[in-house]
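[1] Build the 3D model from these lines:
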Amino acid sequence: MSTIVEATVPANQFALGQTFVREPSAEFRTVSLVADGPGRVMPFLWADHNETDRLTEVIESHCQYNGSRSAL
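    Numbers count the residues shown, from 1 in each chain. You can find the predicted model right below:
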């Protein structure tokens, strides 16, 4: 049995919100969600951008700034 959910998260509430500010053409799609403790989920995302190296640089700098975990 599968569950399909369509949802929208405002950029200012998304952990990578600054990525959208710096690279507004970036698109993220959720591949799956995994439990990350009680009441929390960790999304696995697919990122799409016409300049992959630039997007990787922006995401990594954001993660270093706020201490987020990244698996790029």
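
[2] Every contact and neighbour count from this point should use C-alpha atoms.
    Will do.

[3] Low-confidence ranges, the protein, go.
    1, 9, 11, 14, 63-72 (pLDDT under 70).

[4] where along it do the helices fall?
    17-22, 52-66 (DSSP state H).

[5] what's the most buried one of those?
    helix 17-22 (a mean of 16; mean count of other Cα atoms under 10 Å).

[6] who does that one touch, helix- and strand-wise?
    Helix 17-22 makes packing contacts with helix 52-66 when contacts are defined by 3 or more Cα pairs under 8 Å, 6 or more residues apart in numbering; DSSP states H and E.

[7] now the helix it packs on: how far from the chain's centre is it?
    11 Å (Cα atoms, centre = their mean, to the nearest Å).

[8] cool, stretch 15-28 as well?
    Per Cα atoms, centre = their mean, the displacement of stretch 15-28 from the mean C-alpha position of its chain is 8 Å.

[9] end to end, how far does that stretch reach?
    12 Å (Cα to Cα, to the nearest Å).

[10] which residues sit against that stretch?
    11-12, 45-49, 55, 58-59, 62 (Cα atoms under 8 Å, 6 or more residues apart in numbering).

[11] Make a markdown table out of the helices of the chain and add distance to V31.
    Listed next are these as a markdown table, based on distance: least, Cα to Cα, whole Å:
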| stretch | distance to V31 |
| --- | --- |
| helix 17-22 | 18 |
| helix 52-66 | 18 |
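
[12] so which of those helices gets nearest I4?
    helix 17-22 (23.9 Å; Cα to Cα).

[13] Quick check: A15 vs F28, distance?
    12 Å.

[14] no wait, E57
    Applying Cα to Cα, the value for E57 to F28 is 16 Å.

[15] So what's the residue count around P43?
    14 (other Cα atoms under 10 Å).

[16] my guess is it meets D36, correct?
    No. The criterion here is Cα atoms under 8 Å, and P43 misses it with D36 at 9.3 Å.

[17] still on that earlier bit, out of the helices of the chain, which gets nearest to E6?
    That would be helix 17-22 among the helices of the chain, by Cα to Cα, at 18.9 Å.

[18] Export that closest one to PDB, keeping only CA atoms.
    The C-alpha coordinates for helix 17-22 follow below in PDB (Å, rounded to 0.1, in the frame of the first residue of the first chain):
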ATOM      1  CA  GLY A  17      15.400  28.400   2.200                       C
ATOM      2  CA  GLN A  18      18.500  30.500   1.600                       C
ATOM      3  CA  THR A  19      19.300  28.300  -1.300                       C
ATOM      4  CA  PHE A  20      16.100  29.500  -3.000                       C
ATOM      5  CA  VAL A  21      17.100  33.100  -2.300                       C
ATOM      6  CA  ARG A  22      20.600  32.600  -3.800                       C
END
